[in-house]
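**Student:** Fold the following.
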Amino acid sequence: MSLEFNPQSYAPDGTAIFGNDAQLLVKFYKHAELSTYASKEQGLPVYNDVIMIEVFQPGEKESVKQLANDFHKMRFPKQWENFEKGLENEVAGTPLDHLFPSEPGQILTLKALNIFTIQQLAALSDTAIQALPMGGRQLVERAKQYLMTAQTGADMNRMAEMQKQIEQLQAALQAKNEDTETPQRRGPGRPPKPVGEPA
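**Tutor:** Below is the predicted model:
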């Protein structure tokens, strides 16, 4: 995996889009790095704090670690903001225990491979699937099926809500039309004389 600054595309507001970055677990952290020059000058070990970035790709045991730079901060703005605020970063998505409610061993196995959400499992590459224990492809298909079912349910809920709003608007429109069609009653007094009739 590469952390090079090569956007796949750009959003309308100019934000760079890097494909599956939403499925990555990204951490910025401080690391004490030995300063060779200062250590020689002072005759004792001298360390400087440097900011590192560590990226965990779902399905891979090893993470990628690099010195953080401005491109990383631009690519992972939310994680950088959390680092500055001292907050822990987590991958957005549905926890694995929703898919494996009675299989804690399966969850721990997947977490050891840096897979923390159902979305990550469903989006695994072929290479990452091969790293899974026996039945890895079935696990991925199971995750995809779960997400598809959840999406169908969400779509149906949205359609039901839209239908409810349409019915409310139709009822309001009908009530307004009925008010408009009701003839207005005249006030007290004589009715107006027909046109052309002498006063």
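**Student:** So in this protein, which helix runs the longest?
**Tutor:** Looking across the chain with DSSP state H, the single longest helix is helix 136-181.
**Student:** following the worst-scoring helix or strand of the chain on mean pLDDT, which helix or strand comes up?
**Tutor:** None of the helices or strands of the chain scores lower by mean pLDDT, DSSP states H and E than strand 16-17, at a mean of 54. Proceeding C-terminally, strand 16-17 gives way to strand 25-34 as the next helix or strand, assigned by DSSP states H and E.
**Student:** Partner strands of that next one and their direction?
**Tutor:** Under the criterion DSSP bridges, strand 25-34 sits next to strand 47-56 (antiparallel) in its sheet.
**Student:** what about Pro95, how many neighbours?
**Tutor:** Burial of Pro95 is recorded as 13 neighbouring residues (other Cβ atoms under 10 Å). For the C-beta atoms, the positions are set from N, CA and C on the backbone; glycine is no exception.
**Student:** Same question for Ala128.
**Tutor:** Once other Cβ under 10 Å is used to define contacts, Ala128 is seen to have 20 neighbours.
**Student:** Is it inside a helix or a strand, and which specific one?
**Tutor:** When elements are assigned from DSSP H and E, Ala128 belongs to helix 126-131.
**Student:** Flag every buried residue along that helix.
**Tutor:** Neighbour-count burial for helix 126-131, with 16 or more other Cβ atoms under 10 Å as criterion, is recorded at Ala128.
**Student:** Report the rounded mean pLDDT for it.
**Tutor:** This predicted structure assigns helix 126-131 an average pLDDT of 81.
**Student:** How about stretch 100-118?
**Tutor:** Averaging pLDDT along stretch 100-118 yields 85.
**Student:** Packing partners of the longest helix of the chain?
**Tutor:** When contacts are defined as 3 or more Cβ pairs under 8 Å, 6 or more residues apart in numbering; DSSP states H and E, helix 136-181 sits against helix 118-122, helix 126-131.
**Student:** what's the closest of those helices to Leu96?
**Tutor:** Leu96 lies closest to helix 118-122 among those, at 6.3 Å (Cβ to Cβ).
**Student:** chain center to that closest one, what's the gap?
**Tutor:** Helix 118-122 has its average C-alpha position 13 Å from the chain's average C-alpha position, going by Cα atoms, centre = their mean, to the nearest Å.
**Student:** cool, stretch 129-139 as well?
**Tutor:** If you compare the mean C-alpha spot of stretch 129-139 with that of the full chain, they lie 25 Å apart, counting by Cα atoms, centre = their mean.
**Student:** in it, what counts as buried?
**Tutor:** When neighbours are counted by 16+ other Cβ under 10 Å, the buried residues of stretch 129-139 are found to be Leu132, Gly136, Leu139.
**Student:** and if you look at stretch 25-45?
**Tutor:** Neighbour-count burial for stretch 25-45 flags Leu25, Val26, Lys27, Phe28 (criterion: 16+ other Cβ under 10 Å).
**Student:** Which of those sits closest to Asn69?
**Tutor:** Phe28 (11.1 Å).
**Student:** Kind regards, and thank you for your time.
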